[in-house]
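**Student:** Need a 3D model of the following:
(one chain, ligands or ions: 1)
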Amino acid sequence: MPEWERFVKCGGCQSILFKPSLAASLGVCECGHHHPLNVHQRISMLFDDFEFAELDVMAGDPLDFPGLDEKLAGLRNAGNVAPSSAGGGVLGVAVRSFFFDFDFIGGTIGSAEAEVITRAYERATAERKPILGVVRSGGARVQEGLFSLFSVPKMVCGAAQHRDAGLVSVLLLADPVMASPMISFIPFATHRLAEPGARVSFAGGRVKGHDTEVLAEQQLEWGLVTEIVERRHQRSTIRKLLAAPAESANPG
Ligand SMILES: [Zn+2]
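**Tutor:** As a prediction, this is how the structure comes out:
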């Protein structure tokens, strides 16, 4: 690895940080800026143990979008994973979970990813387990056109059934969370936690045509986010919420 690749500039204080030192502090700079974590770092930070759910769905190319098939194959070969679901434990609490790999086409949700998320909710409902979802997504996958939008009601049904069964769901929103998750499963969560400074909104600055972003702190004020949790406290906070009955939560 070239020497310069071992360093990263902090987006908060602009300091130059040594990546191994940053990783040892869960990706959080001394100034408090939360740097992105990949899906594997996120899993090892939150779970005691986990096992990927057996799935027979895979991201596809229903519109024969130019170059998409090759892109998907390249991502899989590089070890990236589309939104995946797993069973596991967080400090002794058994959960069903799903998480996004932002390096897999910006964590976008196509029909396969929506199926994975819906099945995680359905399985949790059948097993009467809480859900933990770690969300980092650019929204619907535009290369699938309407197919990705058709998947929104499916995720709504899965999340609504889980909530109506009186079960707890905890979502952790990490920078960025945009578009389709906001109008599908997020409103149904018992607890909607967010990382400090995360962009959380239906449309990002580029889509709106100006630079202002809606951050988690603003969403806390508006009520979409229920709590902002620094990374070092996330595991214990999530454990406490997963173990509590759903009635003690904020209504969605
Ligand atoms: Zn910093």
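**Student:** in stretch 126-135, what's buried?
**Tutor:** By neighbour count on 16 or more other Cβ atoms under 10 Å, the buried set for stretch 126-135 is 129-135. Quick note: C-beta positions are derived from backbone N, CA and C, even for glycine.
**Student:** Tell me the one among the residues you listed nearest to the ion.
**Tutor:** Of all the buried residues of stretch 126-135, Val134 has the smallest distance to the ion: 22.6 Å, by Cβ to the ion.
**Student:** What residues does the chain have near the ion?
**Tutor:** Taking Cβ under 5 Å from the ion as the measure of proximity, the chain contacts the ion at 10, 12-13, 29, 31, 33.
**Student:** The one residue in the stretch 51-200 of the chain that gets nearest to the ion: what's it in contact with?
**Tutor:** The stretch 51-200 of the chain approaches the ion most closely through Gly197 (11.0 Å), counting by Cβ to the ion. Shown in contact with Gly197 (Cβ atoms under 8 Å, 6 or more residues apart in numbering): 12, 33-34, 175, 215-217.
**Student:** If any of these are buried, put those into a PyMOL selection.
**Tutor:** In PyMOL syntax, the buried subset of those is picked out as below (16+ other Cβ under 10 Å):
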select buried, resi 12+33+34+175+215+216
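**Student:** Give me the subset of the contacts of Gly197 that lies in helices.
**Tutor:** 216-217 (DSSP state H).
**Student:** As CSV, the contacts of Gly197 with distance to Phe104 would be great.
**Tutor:** Shown next, in CSV, are those (distance: Cβ to Cβ, whole Å):
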residue, distance to Phe104
Gly12, 26
His33, 24
His34, 21
Asp175, 16
Leu215, 24
Ala216, 23
Glu217, 28
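**Student:** Dump the contacts of Gly197 into JSON lines; add pLDDT as well.
**Tutor:** Below are the contacts of Gly197 laid out as JSON lines (pLDDT from 0 to 100):
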{"residue": "Gly12", "pLDDT": "93"}
{"residue": "His33", "pLDDT": "96"}
{"residue": "His34", "pLDDT": "96"}
{"residue": "Asp175", "pLDDT": "95"}
{"residue": "Leu215", "pLDDT": "95"}
{"residue": "Ala216", "pLDDT": "96"}
{"residue": "Glu217", "pLDDT": "96"}
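**Student:** Closest to Ser97 out of the buried residues of stretch 126-135?
**Tutor:** Leu132 (4.3 Å; Cβ to Cβ).
**Student:** What is the neighbour count of Gln234?
**Tutor:** If you count neighbours by other Cβ atoms under 10 Å, Gln234 ends up with 20.
**Student:** roughly how far apart are it and the ion?
**Tutor:** 19 Å (Cβ to the ion, to the nearest Å).
**Student:** And the average pLDDT for the helix or strand hosting that residue is what?
**Tutor:** Per DSSP states H and E, Gln234 falls inside helix 231-243. On average, the pLDDT along helix 231-243 is 95.
**Student:** Could you do stretch 195-213 as well?
**Tutor:** 81.
**Student:** how long is it end to end?
**Tutor:** Start to finish, the residues bounding stretch 195-213 are 15 Å apart (Cα to Cα, to the nearest Å).
**Student:** and if you look at stretch 103-112?
**Tutor:** Span of stretch 103-112 from end to end, Cα to Cα: 16 Å.
**Student:** and the longest strand belonging to the chain, which strands flank it?
**Tutor:** Criterion DSSP state E: the longest strand present in the chain is strand 169-178. Using DSSP bridges, strand 169-178 pairs in its sheet with strand 131-137 (parallel), strand 191-194 (parallel), strand 200-201 (parallel).
**Student:** Can I get the longest one in CSV? Just the C-alpha atoms.
**Tutor:** Think strand 131-137. C-alpha atoms of strand 131-137 as CSV (Å, rounded to 0.1, in the frame of the first residue of the first chain):
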residue,chain,number,x,y,z
ILE,A,131,-34.8,-6.3,14.5
LEU,A,132,-31.6,-4.4,14.3
GLY,A,133,-31.0,-2.6,11.0
VAL,A,134,-27.9,-0.6,10.2
VAL,A,135,-28.9,1.8,7.3
ARG,A,136,-26.6,3.6,5.0
SER,A,137,-28.2,4.1,1.7
